[in-house]
Every structure is written in structure tokens, then in C-alpha cells.
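Trainee: For reference, the sequence and a predicted model appear below.
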Amino acid sequence: MQLVLSEDQELIAKTAADFAAQQSPVARFRALRDARDPLGFSKPIWKEMAELGWVGIPFPEEVGGAGLGLADLAVVLEALGRALAPEPFLPTVLLAGRALVRGGSEAQRQEWLPGVVAGDRILALAQQEARSRYDLRRVATRAERAGNGWRLRGEKIQVEAAAAADAIVVAARTAGGEGDAAGVSLFLVPKGARGLEIVPQTRIDHRGVALVRLGGVEVGTGDVVGALDAGGDLLEEVVDFATAGLCAEMLGSMSQAFSITLEHLKSRQQFGVPIGSFQALKHRAANCFMEVELARSCVLAATRAVDAGDPEARRLVSLAKARCSDAFVLVTNEGVQMFGGVGMTDEYDIGFYMKRARVAELSFGDAAFHRDRWARLGSY
Amino acid sequence: MSDLETFRRDTRAWLEANGPVSLRGIGNDPLHGVWGGRKWQWTNPAQKAWLERAAERGFTAPTWPREYGGGGLSGEEAKVLAQEMARLRLPQPLIGFGLTMIGPTLLRFGNEEQKREHLTKITRGEIRWCQGYSEPGAGSDLASLQCRAVPDGDDFIVNGTKIWTSYADHADWIFCLVRTKTEGKKQDGITFLLIDMDTPGVSVSPIRLISGSSPFCETHFVDVRVPQRNVVNGVNNGWTVAKALLGHERSMIADAFGGGAGGKRQGLAALARGYLGSEGGALLDPVLRDQIAQNEMDTRAFMLTVQRSRDAAKAGHQPGPESSLFKVYATELNQRRYELLVRLAGPQGLGWEGPGFEAEELERTRDWLRSRANTIEGGTSEVQRNIIAKRVLGLPD
């Protein structure tokens, strides 16, 4: 495992950074937020990203993808994270798309993935519930046999890209009780299904998220993704993949938040000198620097381990998520403090990064959750 | 067969023939290392034989040129040698500041006469060196040092005091920073000087630390006469040498505490199981369990960062900014680890000596005390953060 970017990855990173600077500065995200955009992202920009080949990076070639890995996609996610680009890589590529790649039937893959890779179809994954916190097996949504298929009842929370999705992959319990390890299954629910209700939610990061209410939605047996009752294992693998990808995005966001904070420290004058000359701030900036560098090493290691199918991959994903959660929160908290009063205003971008840091931290488990998982995987 | 494979085969055969059987399996336990020097007391004849044979072969300083007592090996060959020694778990035949600090410094900055006079004596373990940098009035502000060297004919007359001179009471020679000019910028009046500690006027007094041991000394110079030919890199040009050596020292400290090496490192979780008990595999104290995970994860993140830096160097990139964090992070991490080790032991972690405590418990507690120096020696954490802020982040003075 080499913890450096390959030449190809350097090239993708450069293209993505240029794209972010020209077509997707933070001002674009701000405009979407100000307009209360119902999707929370731009479909034309998503199409452009697909045409650049980014959406297809981790998909197999037979559905039009590049057949590359998470380590390659990570450099794109990092660049977009810098600019807070809200396009749905997480729900469409890393979660639902990945679930179909790993668990989907041939028919499901052929029906959905070429359109996803082309940037024409959006997918979402509805897993989290009001009481589940980060436990993927804690699923109260139930699927009952109904004729030749299944009937789904329950409510999912903060489902990213649900409003834009052409189909939603839903985790529901087909056997056992709410917290049992086995008995969870995944179902593909198409947009507009009878009994499916999408209720937009507004979160501090203004990504397009929604409640997904399943009021007796009926699906066929061919809509089960992966093996019946074994959806929990598939979900865990998919969420690990997505978590490592999210970490790459977090790395980009925290790097940029730190970068604009450093600029502020150099330019803001008080007592007749730049405030960055004060040792109290220098040392804290040095701490932020160290945490970002350590986070970078962990993201490089986790994404490569996932690609390699390394037996240690799960631990390294937890390492990366714990690290990135703490570092992103530290850097943005310090950022707001160092910006001072203007850091509290909506006009400055640093607040966007701080709010996004909280959302990312509390997605797929915070640092404490992943320390516990690290310990469990280490048998203590 | 490639040259490297031939080298491996020959080296393996040589080690099998010459590595004393009684030393195999010992590995590099720092407590049993051979430091050499005029005052060295041999307690084990096998160690003496091992040093003599290895020095003859150039294996005490594998990468130094052969003409100065080294092995003339390439970096790759030296790595093979280390692997083959590790295979037999043979200890380094010789350790010390001659090999790690002043030797590489002389190879880079010394003149031919200095290299000829000193390097072979280092590789043979005949002369033991110590470092004279800090002074009672010059710690973090090292460049303000006051130990004076005044020219007198072909000599300097040296007067002053050096502090934290590690193992000066066992050393034969000392490499010193001395002041040779008092006006102008303080860094521009410093000279790097080699002093034989047998010279009249040199005296040493050990300093007792909070851990009870005395690895450090104060070294006093009263009208000590030192030939001017012992100046390295020219009069008033010592600061350049000092900075290079400090950088080297910091990377050594980072290596030593980086969590990877060292047979003494029993896993935190395994140790905790003994003190805390476990149920269904999980440690019974959830808070300490969390702290253990945090420490292990910090260690892993640090080691991955060291690996990233090495991978980047191998790929031909310039050293990245990440290397500037090694010293400060590694030492603070080591302190957190020892804090946790003592806390895990509970009241059993409080022993100083005597009955009721295991030898390992006493050693861990002393090591914890010693670890408090990690963030002070070789540039304090505060100085390191200043360097990161200035050189890496570009924050103004």
C-alpha cells in the first residue's frame, strides 16, 4: 500500500480542483441555499461531473463505469469537499450505487447503473431511522409478505437526495426484532410508488435531505437487493465504502476551512499587527495543521485498504472516520474563533464549514462510536 | 542472482559464522547496548568479540566510506544487513552518539584531517562522544549560548558550562557549540568545536532526574586549551552545523517514540486486560477502554503519516510539510501512552522501588517520569510549534 497519489490521481485531482474553482466555488452552494433549492444541488452540474467521468469512477466497465477504485474517486471528493459542492456522490455513487454493484441482480444493475453513470438517474439509500443512531441493524421499518412481493411500512430520516431520486434503496426488517443482526433486507423502491411520501427536511448543512415515509409501499420479489435477511452485512460493507468516501470529502472541507483561516490570521490586523503573529493562535494553528495531516494519512490508507479488500479495511475506515470527525470539528471550531465576530456572520464562509463538519461528524458514527468499533474489531 | 541477493547470501553466511551464538535472540535492547570508549567496562566477552569482528567488516557504520572504518554499503545493502541481523536477533555491535551524531556530521562538514583522526576510532568503539549544546542560560534560546572560546596562539581557551550533556561522565570527547564572537547576530558568533575531555580544566557532574536516574550531566570548562584545528566548518560557522544536527536529533527522537519499534512495547489492551478484567472480550472499564483505543488510533495515524512521508520520498517528491510534525507529535503521543500505562496499573503504578511491585511496573513508572522530558529535549514542543507556524504555515513573526 503506497500512501501517495499516482500520476493519474494527481491528474484527476488537478482537473477536479480547476473545476471546483471555476464552476463550483462556495458561492454556488450559497446561492442554492439562498434560493431554498428543492433538490439542494444542480442537475446540470451533476451531468457535467458525469461527463467528466467522475460519477462512473468506481462502477464496473460493463455498466459504463471506469472500473477504478475508491482511492481514485477520493481525490475528486476531496476537491469537491473544498468547495462544499453539494452534488449527490454520497447517496447515488457511494451508497445506493455501491449497494447495487455489490448486491444487485444483473437485471437491477443493467436497469439502473448505466443511467447513474451517465448522470441521468439519481439514487438514494434510506437506512437511518429516528431511533437507529449509527446501528445499521437497528431497523424498525418492516417488510411483510404481500401476494407475490412485499409491503413496506416505516419512516426513514435525513435521506440524502430522496427528493431527486429515481429510486430509493430501503432497508427494512424481514425477520427478527428491531436490533437483531440478521433479518434486515434491502429493497429498491422506484420514485412515485404508491404509499411513498417524501417530506423535505432542512438540515444545518442545507444538503437536500428528506423524511422517507413508507405507508404500505408494495414492491415485487425482484426488487430485493442482495440476499433476503442478509441485508445488514451488505449494508455494513456499503456504509464502510461510503464512510471512507465521506472522509475524503471531509478532508477537502477541513483543508479549505484551515486554509481560509490561515489567510485570515495573516491579513487581519489588531493592536497594529497581524493576529497570526500571536503565539496563542500560532500554536493552535500548528495543532490544526497536525490533525489535518494525520487525517490525510488515514484517508489515504482507508481508501486504499477498501480497494484492496484488505482484512484490516474496516478498522482503517473507523480510524479515518474518527480522525476526520475530530479534526474537521476542531479546525472549524478554531476557524470560527479565529475569524472572531465575522466568523459568526452568515456572510463569511467559515460558518458553512463548521455546520457541514457537524453533519459529517454525526453521519455513520462519530469519533467515539468508531473508537468503540476499533476496540471491538481488536477484540477488547 | 542480483548483486543484492549475492550480498544477502554473503552477509547471512558471515553473520552465521561471526555473530556470537550467545548474543542471538537478544535483539536491540537499549539497556544492554555497547557504547564503547576508553572507560567502557566489558561485562560480556561475546559482546567484545562481536564488536571487534563487526568493526573489522565495517558493520558498525555500514554506510560510511570504507576508508574511515565504515562498510561502504549502499542504503539498500544496509537495509539487507539490518534484516539479516534481525533474522538472528543479533544486537547492534555498537551504539552511541559517535555513530548517530558526530560521525555523520564530520562526514558532511569535517575536513580530511578530522575525518581521519576521529571516524575510525568511532567505528571501533575506541572513543565515546557526548554533545555539549545547552547551557544553564541557553535552553530553547540555544543561540544565546555563552560558553566562550578565546583564541590564544594556535589554540582556544574555553570557559563556560554545558548542561544536559548526556552520558558526559562516560564520554571521552565532546562536540560543543562555543561563542567566538559577541557582537553582531548571536547565531553568527558560534563555533562548532571538538574537545578531548581528558584536557585539564574539564570536569563533569551528573544530574539526578525525577525518575531517579542520571543520564545527564553538567560539564564545566575552566581555562581549557583546545587546538584551533578542532574547529568544524570554520570559526563562527557553527550554527549551520548545529541546525543540521538538531534536525537529525529530532528525527531520531521521533523514530524512537513513534510507536513502532521496541520490544518493550506490550500492547495496551493486553496489559489492561490483566489490571481491569474483561467480560465477553470487552474491557470492564469503558472509559479506559476508550482511552486505549484513542491512543492506539493516534499511534496508527502517526505511523501512517511517517509511512506517507517515506513513500513520498521514494516516489521522488520533496519532503512534505508532514515531516515537521514528527518530533512534537511522537513525543506527546509517547507521554500520553505512559500516562495511560500508569493509570491502567492503578495503585500498582505508584511504586518507586522495593516489595509489592512487579519489576515491569516499577520500570514503566520510571519510564513515565522519564517521558516527561520528551517534549523538552531536542527542542520543546513549544519551539516545534513555533517552527511549524513560521516555516510551514507562513505565519508572521
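Mentor: All right, it came through fine. Numbering: from 1, shown residues only, chains lettered A, B, ... in the order given.
Trainee: Remind me which helix or strand residue 219 belongs to.
Mentor: Answering for chain A, as no chain was given. strand A:209-220 (DSSP states H and E).
Trainee: think we crossed wires, I meant chain B
Mentor: Applying DSSP H and E, one finds B:T219 within strand B:216-227.
Trainee: how about that strand: buried residues?
Mentor: Using 16 or more other C-beta atoms under 10 Å in any protein chain shown as the test for burial, strand B:216-227 gives B:216-221, B:224, B:226. To be clear about C-beta, it is placed using only N, CA and C from the backbone, and glycine gets the same treatment.
Trainee: which of those residues has the weakest pLDDT?
Mentor: Ranked by pLDDT, the buried residues of strand B:216-227 bottom out at B:F216 (93).
Trainee: Looks like that residue contacts B:D169 (just checking).
Mentor: No. B:F216 is not in contact with B:D169 according to C-beta atoms under 8 Å; the separation is 9.5 Å.
Trainee: For the residue nearest to A:Q269 when sequence neighbours are not counted, the count of nearby residues, please.
Mentor: Nearest residue to A:Q269, sequence neighbours excluded (C-beta to C-beta, 6 or more residues apart in numbering or on different chains): A:I275, at 7.3 Å. By other C-beta atoms under 10 Å in any protein chain shown, 21 other residues sit near A:I275.
Trainee: quick one: secondary structure of the residue of the stretch 51-200 of chain B found nearest chain A?
Mentor: Nearest residue of the stretch 51-200 of chain B to chain A: B:S140, at 12.5 Å (C-beta to the nearest C-beta). Of the three states, B:S140 takes coil under DSSP: H, G, I helix; E, B strand; the rest coil.
Trainee: Quick check: pLDDT value at it.
Mentor: Looking at B:S140, its pLDDT reads 91.
Trainee: mind listing what the residue nearest to A:G40 when sequence neighbours are not counted touches?
Mentor: Nearest residue to A:G40, sequence neighbours excluded (C-beta to C-beta, 6+ apart): A:G208, at 2.7 Å. Contacts were defined as C-beta atoms under 8 Å, 6 or more residues apart in numbering or on different chains; by that measure A:G208 touches A:37-41, A:86, A:88, A:160-164, A:200.
Trainee: Wait, B:R124 touches B:R53, no?
Mentor: No. With contacts counted by C-beta under 8 Å, B:R124 stays clear of B:R53, the gap being 11.5 Å.
Trainee: Could you list the domains of chain A?
Mentor: A:7-122, A:124-228, A:233-377 (automatic domain parsing).
Trainee: and the end-to-end length of the longest one?
Mentor: Distances were taken as C-alpha to C-alpha, to the nearest Å; on that basis the terminal residues of domain A:233-377 are 15 Å apart.
Trainee: Which stretches in the stretch 251-397 of chain B count as helices?
Mentor: Taking DSSP state H, counting those that start in this stretch as the test, the helices found in the stretch 251-397 of chain B are B:268-276, B:286-314, B:326-345, B:359-371, B:381-387.
Trainee: To clarify, my last question referred to chain A.
Mentor: Assigned by DSSP state H, the helices in chain A fall at A:7-23, A:26-34, A:43-51, A:70-82, A:98-103, A:106-117, A:231-267, A:279-308, A:313-339, A:350-361, A:367-377.
Trainee: I'd like to check the angle between the helix or strand where B:T191 lies and strand B:216-227, please.
Mentor: For B:T191, the enclosing helix or strand under DSSP H and E is strand B:190-196. Strand B:190-196 runs at 90 degrees relative to strand B:216-227, counting by axes from the mean of the first three to the mean of the last three C-alpha atoms, to 10 degrees.
Trainee: and strand B:190-196, which strands flank it?
Mentor: strand B:173-179 (antiparallel), strand B:231-232 (antiparallel) (DSSP bridges).
Trainee: Show the average pLDDT along that strand.
Mentor: Strand B:190-196 comes out at a mean pLDDT of 98.
Trainee: buried sites along the helix or strand that that strand is followed by?
Mentor: Using DSSP H and E, the next helix or strand after strand B:190-196 towards the C-terminus is strand B:202-207. Within strand B:202-207, the residues that qualify as buried are B:202, B:204, counting by 16+ other C-beta under 10 Å.
Trainee: Strand B:202-207 packs against which elements?
Mentor: Applying 3 or more C-beta pairs under 8 Å, 6 or more residues apart in numbering or on different chains; DSSP states H and E, we find strand B:202-207 packed against strand B:155-166, strand B:216-227.
Trainee: Generate TSV for those strands, with distance to chain A as supplementary columns.
Mentor: Shown next, in TSV, are the helices and strands packed on strand B:202-207 (distance: least, C-beta to the nearest C-beta, whole Å):
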stretch	distance to chain A
strand B:155-166	24
strand B:216-227	27
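Trainee: Show me which positions of stretch B:319-327 end up buried.
Mentor: Here stretch B:319-327 shows B:320, B:322-327 as buried, counting by 16+ other C-beta under 10 Å.
Trainee: Equivalent analysis for stretch B:3-16, please.
Mentor: Neighbour-count burial for stretch B:3-16, counted by 16+ other C-beta under 10 Å, picks out B:7-8, B:11-12, B:14-15.
Trainee: Give me the subset of those that lies in helices.
Mentor: B:7-8, B:11-12, B:14-15.
Trainee: In CSV: those, plus pLDDT and distance to B:Y133.
Mentor: Below are those laid out as CSV (pLDDT from 0 to 100; distance: C-beta to C-beta, whole Å):
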residue, pLDDT, distance to B:Y133
B:F7, 96, 38
B:R8, 96, 39
B:T11, 96, 37
B:R12, 96, 40
B:W14, 97, 38
B:L15, 96, 37
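Trainee: Most remote residue from the middle of the chain, which is it?
Mentor: In the absence of a named chain, this looks at chain A. A:G272 (43.2 Å; C-alpha atoms, centre = their mean).
Trainee: that's the wrong chain, I meant chain B
Mentor: B:G280 (42.6 Å).
Trainee: Could you check how far it is from A:S379?
Mentor: Counting by C-beta to C-beta, to the nearest Å, the gap from B:G280 to A:S379 is 10 Å.
Trainee: A:R194 too?
Mentor: The value you get for A:R194 to A:S379, if C-beta to C-beta is used, is 48 Å.
Trainee: what's around A:F271, how many residues?
Mentor: 8.
Trainee: same question, B:G153
Mentor: That count, for B:G153 with other C-beta under 10 Å as the rule, works out to 9.
Trainee: for it, phi and psi?
Mentor: phi 70, psi -130 (degrees, to the nearest 10).
Trainee: if I look at it, how far off is B:F192?
Mentor: 20 Å.
Trainee: If I look at B:Q266, what pLDDT would I see?
Mentor: The score at B:Q266 is 64. That number is its pLDDT.
Trainee: correction: A:P86
Mentor: Listed pLDDT for A:P86 reads 98.
Trainee: which ones are touching the one residue in the stretch 101-250 of chain A that gets nearest to chain B?
Mentor: Relative to chain B, the nearest point of the stretch 101-250 of chain A is A:C247 (12.3 Å; C-beta to the nearest C-beta). A:C247 makes contact with A:295, A:298-299, A:302-303, A:317, A:320-321, A:323-324 under the criterion C-beta under 8 Å, 6+ apart.
Trainee: one more time with 7 Å
Mentor: The contact partners of A:C247, taken as C-beta atoms under 7 Å, 6 or more residues apart in numbering or on different chains, are A:299, A:302, A:320-321, A:324.
Trainee: and if you look at A:A182?
Mentor: A:175-176, A:229-230, A:232.
Trainee: And the pLDDT at it?
Mentor: 95.
Trainee: ok, now B:M1?
Mentor: 67.
Trainee: same check, this time on the one 4 residues further on
Mentor: Per-residue pLDDT puts B:E5 at 94.
Trainee: Pretty sure it sits in a helix.
Mentor: Yes. With three-state DSSP as the criterion, B:E5 is part of a helix.
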